[in-house]
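J.: Fold the following for me, if possible:
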Amino acid sequence: MCLVAILTPAILLPPVGVDAPPVVAPPPRECARPAGEVQLRRSGTVGGVVTAVDAGSVSIRGFDLRYGDIRRQDLRLVSVGGRPPILCTRDEETRHRLTLTLPNGEVATFRRDDMPAVRFAASGGDPPSPAASYRPADVRVGDEVTLWLDRDAPDGFFRGVQIERRPGGRVPPAPGEDPDSGYPWHEYANAMQDWEERGVPLPDKYDPVKLRRMLAANREVVRRYQAKQAALERLAPPPREVPPKPPAP
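T.: Below you'll find the predicted structure:
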């Protein structure tokens, strides 16, 4: 008696109780989480155009990006156009324009000139760098500034002012600048302003293209030096002379 195997086409059916994979990709999930799930961190700076200044405070018109999510660098809690703070995705930011994607998917563009002015008070803390050592008395209405916020003080206090531009004028030396420095901040700020306003070519030491080339050349020099040192370390040291042993007593 022999057994004969009969081949029949197999019918493939999904197992009972297991969902078949979706035909299309799932819809994108919302990137902005509710405010209660956000781990906020106060950012270090806020910038804008000065609208008012007195002995102890500076009012600026700019984009209030004082807070961010520490887990998502593109998320910001923003208050613009008089709206309450809302968690948004920051798509693009320049000195004059800010583009955000709101939680409902709406893309909104805001102009700096349309923003309300916000007042910040000086905390009396030490400035973070010589470039940020300007005082409120050094600032004029119309200056473009960056305020370095004081993380140890309540919200709305700063410990340093950095004058970025003074349209139609010249940025003065910062009080904390080293007079012997080869790269003083006010010189850099004025060079950038001259290039933006009048097309004056940047000096070589401030030209970003030439700076990148110089940094690349310096990195290559450092790489070659490190490779040479590593090769020397792999070589056996030269034989040293052994001093004669003292005669035995």
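J.: State the distance from residue 148 to residue 175.
T.: Distance of residue 148 to residue 175, computed by Cβ to Cβ, to the nearest Å: 15 Å. Every residue, glycine included, has its C-beta placed from N, CA and C.
J.: make that residue 144, sorry
T.: 19 Å.
J.: swap in residue 57?
T.: Relative to residue 175, and taking Cβ to Cβ, residue 57 is found at 18 Å.
J.: When the two are compared, which one has more neighbours?
T.: Set residue 57 next to residue 175 and count neighbours by other Cβ atoms under 10 Å: residue 57 wins out with 15 against 12.
J.: Check the more buried one and give its pLDDT.
T.: What the model reports as pLDDT for residue 57 is 95.
J.: Contacts only, for it.
T.: Residues near residue 57 by Cβ atoms under 8 Å, 6 or more residues apart in numbering: 119, 120, 121, 122, 136.
J.: Pop out the phi and psi values for it.
T.: Main-chain torsions, residue 57, degrees, to the nearest 10: phi -150, psi 160.
J.: re the thing from before, can you check the contacts of residue 57 and name whichever has the most neighbours?
T.: Neighbour max across the contacts of residue 57 (other Cβ under 10 Å) = residue 120, 22 neighbours.
J.: Assign that residue to one of the three secondary structure states.
T.: What DSSP: H, G, I helix; E, B strand; the rest coil gives for residue 120 is strand.
J.: With the one 4 residues further on instead?
T.: For residue 124, the secondary structure call by three-state DSSP comes out as coil.
J.: For it, give me its contacts.
T.: By Cβ under 8 Å, 6+ apart, the neighbours of residue 124 are residue 159.
J.: where's it relative to residue 114, distance?
T.: 33 Å.
J.: how many other residues sit next to residue 145?
T.: 27.
J.: hang on, it in a helix?
T.: No: secondary structure of residue 145 (three-state DSSP): strand, not part of a helix.
J.: Residue 50 and residue 165, how far apart?
T.: In terms of Cβ to Cβ, residue 50 sits 11 Å off from residue 165.
J.: list residues touching both of the two?
T.: What both residue 50 and residue 165 touch, as defined by Cβ under 8 Å, 6+ apart, is the set 143, 144.
J.: how about stretch 234-243 as CSV, C-alpha atoms only?
T.: What follows is stretch 234-243, C-alpha atoms only, in CSV (Å, rounded to 0.1, in the frame of the first residue of the first chain):
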residue,chain,number,x,y,z
ARG,A,234,53.6,54.3,19.2
LEU,A,235,57.4,54.2,18.7
ALA,A,236,59.5,52.4,21.3
PRO,A,237,61.6,54.8,23.4
PRO,A,238,65.4,55.0,22.6
PRO,A,239,67.6,52.8,24.8
ARG,A,240,68.9,54.5,27.9
GLU,A,241,72.2,54.1,29.5
VAL,A,242,72.2,51.9,32.7
PRO,A,243,74.3,53.4,35.4
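J.: Thanks a lot, catch you later.
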